[in-house]
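Participant: Here is my input; please provide its structure:
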Amino acid sequence: MPSMKTGILFVCLGNICRSPAAEEIFRTLTQRHGVADRFEIDSAGTYAGHTGDLPDRRMRRAAAGRGYELTHRARPLRESDFERFDRIIVMDDYNYESVHRMAPTRELARKIYRMVEFCRHSPQWSHVPDPYYEGHEGFELVLDLLEDGCQGLLDDLMEAPKR
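Facilitator: Residues are numbered from 1 along each chain as shown. Predicted coordinates for the structure are as follows:
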């Protein structure tokens, strides 16, 4: 009997900067480690105003500089995501609170984690900052944090006992 995939959903505010970048970074890491078939990876936003949009062009450009192609189309977080995904990874406290309020049950809310919980090399950061109103350096910082956090998340998932 084939094992079920582990569902990972990355969430930020508009689903146009941080979460689609995290989605692609994590997907790339799973491919490099030969475990892509074990995961279902997606991203969403707590705000639906960008639904259907590609990621912010500045994030696409910064990510492309590191070899990531961001093609995700923004979508809002849905209540069904709490059943579909095993872990919901949020970027900051505002996202954490918003996603918690949407959780259908307290048990399903236990699937919510902060991205920085998985960062191994960036302990000074309490959140992944929103680069939307920042210059190029803001996007590079976010990518640094996401690469660190995604590697930590993958390490954590690979060490976790099978359910």
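Participant: Walking through this protein, point out its helices one by one.
Facilitator: 18-32, 57-64, 81-84, 93-102, 106-109, 136-159 (DSSP state H).
Participant: and the second one, average pLDDT?
Facilitator: Going back to what we said before, that points to helix 57-64. Helix 57-64 carries an average pLDDT of 98.
Participant: how distant is it from the center of its chain?
Facilitator: For helix 57-64, the gap between its own C-alpha mean and the chain's C-alpha mean amounts to 16 Å (C-alpha atoms, centre = their mean, to the nearest Å).
Participant: which residues does L9 contact?
Facilitator: Contacts for L9 (C-beta atoms under 8 Å, 6 or more residues apart in numbering) come out as 41-44, 77, 81, 84-85, 87-89. To be clear about C-beta, it is placed using only N, CA and C from the backbone, and glycine gets the same treatment.
Participant: change it to 6 Å
Facilitator: With C-beta atoms under 6 Å, 6 or more residues apart in numbering as the criterion, the residues that contact L9 are 42, 81, 85, 88.
Participant: Filter those down to just the buried residues.
Facilitator: 42, 81, 85, 88 (16 or more other C-beta atoms under 10 Å).
Participant: who does the last one bridge with?
Facilitator: For I88, the residues forming beta bridges with it (DSSP bridges) are L9, I112.
Participant: Who are the contact partners of it?
Facilitator: Applying C-beta under 6 Å, 6+ apart to I88 gives the contacts 9, 111-112.
Participant: Go again with 8 Å.
Facilitator: Contacts for I88 were tallied using C-beta under 8 Å, 6+ apart; they are 9, 11, 81-82, 99, 111-113.
Participant: Save the residues you listed as a markdown table, and put in distance to G135 and pLDDT too.
Facilitator: Formatted as a markdown table, the contacts of I88 follow (distance: C-beta to C-beta, whole Å; pLDDT from 0 to 100):
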| residue | distance to G135 | pLDDT |
| --- | --- | --- |
| L9 | 29 | 98 |
| V11 | 24 | 98 |
| D81 | 32 | 98 |
| F82 | 35 | 98 |
| V99 | 28 | 98 |
| K111 | 34 | 98 |
| I112 | 30 | 98 |
| Y113 | 29 | 98 |
